[in-house]
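*Asks:* build me a structure from this.
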Amino acid sequence: MTPGLIIAAPASGTGKTTVMLGLLAALRERGLMVQPFKNGPDYIDPAFHLAASGRASLNLDTWAMGPEMLAGLACAGERADLILAEGSMGLFDGVAAKGATGNGAAADLAVLMGWPVVLVLDASGQAQTAAAVAQGLSRFRPGVRVAGVILNRIASPRHEALVRAGMDEAGLSVLGSLPKRAAIAMPERHLGLVQAEEQPALQMLIAEAARLVREGVDLDALIAAAATLAIPAPKPRIVPPGQRIALARDQAFSFLYPHLLEGWRRAGAEILPFSPLADEAPDPSADTCWLPGGYPELHGATLARADRFRAGLRAFAETRPVHGECGGYMAMGEAIIDKDGLRHPMTGLLGLVTSFEKRKMHLGYRCATLATAIPGQAQGSSLRGHEFHYSTILSQPDAPLAEVTDATGAAVAETGSTRLQSGGGLSTGTFFHLIAPVP
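*Replies:* Numbering: from 1, shown residues only. The predicted structure follows:
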């Protein structure tokens, strides 16, 4: 199996995504084929990985996915020269209760796959103390092997010398040192990083990150530190929601896990993309329609004026199943109220009314037992997913779609909705994004 590394950190905000992009681009410039992965339920980073590496990045989630599925998805790197997986939050950060394989922490993935960890340390505001942090991470859990550290946001040669002295004392290898560069900091928005396709200077940002990595990281030492465990596994079988899937795909509807899309195609399904923002309707030859999550609350007025999309989706839904996740679910409702309090009519397949006027974060893993079937999943199936949005439900008159709990087993109020249309088509939606069914 291809050797790999996990690029992790003590916390969010250390610059590990920028380092990850720089590594992917710099190694690609060397002629290496690098397979990227993202730990956890992240919708945005995989698109940045694709832009930097030229290869689709897949999510690996130990809370939602069983070991067989994780090993099977990791086989995407079998023809690559190297695997790089980007961690989420801090190295050991996950939920309190173990899920399918672990608690979602990058450390779980490191142990399962045998991938050593490269720590990205934000050394700003400290010197030798950075080594104490790194040493603590390297000793915290048996089975997690720290291959070395990359020092980020170094202020001066003297600063670097002091931090390196601490690392020498702690017995930790320094694989590289990067200066602080505000020019390559990526902007943030209400759901985290701006999406890759919305970043106007993305390739310039990646090029600058690659330059810093080339100049500051010992790439030969980093490559030599990679390792893996032999975990033979077939690629997982993912049941598609239909044979011909009309898939909403634009800046308002872009949050679909890459492993699901790849799995649908591998199962023989045909994907028929359409853009609601461009006032396109689902292809009438499709047998199901899927509306992913995204940012419909930022495009309420455009969607409200998209008469062809709204009428076409309603006509489609009369006789065939339509399913929406998070933003897609909101667009299936009666209306979305934006941050300014303006009400925008949506498609009306469900009675849901949501408001973004008063922001309230809804975040976490979800486990759902379906009271009604959704495309590709039978009634009674248990699904694992993740919810992340700031909208509030004002009205939800339809029947609940599922019994939903969080990672600790506590009940969640956002149960999803289901409605049978007059022509026999079933409309369903949830606020959580499906990651994997429970085996």
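
*Asks:* C-alpha from now on. contacts and neighbour counts both.
*Replies:* Noted.

*Asks:* tell me how many other residues crowd the closest residue to residue 308 other than its chain neighbours.
*Replies:* With sequence-adjacent residues excluded and distances taken as C-alpha to C-alpha, 6 or more residues apart in numbering, residue 308 is closest to residue 279, at 5.6 Å. For residue 279, the neighbour count with other C-alpha atoms under 10 Å is 17.

*Asks:* likewise residue 224?
*Replies:* Residue 224, neighbours per other C-alpha under 10 Å, totals 11.

*Asks:* what does residue 380 give?
*Replies:* Neighbours of residue 380 using other C-alpha under 10 Å come to 14.

*Asks:* using the three-state scheme, assign it.
*Replies:* coil (DSSP: H, G, I helix; E, B strand; the rest coil).

*Asks:* farthest residue from the center of this protein?
*Replies:* Here the centre of the chain is the reference, and by C-alpha atoms, centre = their mean the most remote residue is residue 158, at 38.0 Å.

*Asks:* wait, what's in contact with residue 75?
*Replies:* By C-alpha atoms under 8 Å, 6 or more residues apart in numbering, residue 75 lies in contact with 1, 233-235.

*Asks:* doesn't it lie inside a helix?
*Replies:* Yes - assessed by three-state DSSP, residue 75 belongs to a helix.

*Asks:* and the pLDDT at it?
*Replies:* In this model, residue 75 is scored at 93, pLDDT.

*Asks:* with the one 5 residues further on instead?
*Replies:* Residue 80 is assigned a pLDDT of 97 by the prediction.

*Asks:* ditto for residue 230
*Replies:* Reported pLDDT for residue 230: 77.

*Asks:* what about the closest residue to it other than its chain neighbours, neighbour count?
*Replies:* Leaving aside its sequence neighbours, residue 230 sits nearest to residue 1 (C-alpha to C-alpha, 6+ apart; 6.0 Å). Residue 1 has 18 neighbours, counted by other C-alpha under 10 Å.

*Asks:* go on, residue 374?
*Replies:* 21.

*Asks:* is it in contact with residue 430, as I believe?
*Replies:* No - counting by C-alpha atoms under 8 Å, residue 374 does not reach residue 430; the two are 10.2 Å apart.

*Asks:* how about residue 313, secondary structure?
*Replies:* Assignment for residue 313 (three-state DSSP): helix.

*Asks:* what's the distance between it and residue 320?
*Replies:* 10 Å (C-alpha to C-alpha, to the nearest Å).

*Asks:* which of those two has more neighbours?
*Replies:* Taking other C-alpha under 10 Å, residue 313 and residue 320 do not tie; residue 313 has more neighbours (23 against 18).

*Asks:* check that one and give its pLDDT.
*Replies:* pLDDT, read off for residue 313, is 98.

*Asks:* quick check: it vs residue 272, distance?
*Replies:* Distance from residue 313 to residue 272, by C-alpha to C-alpha: 14 Å.
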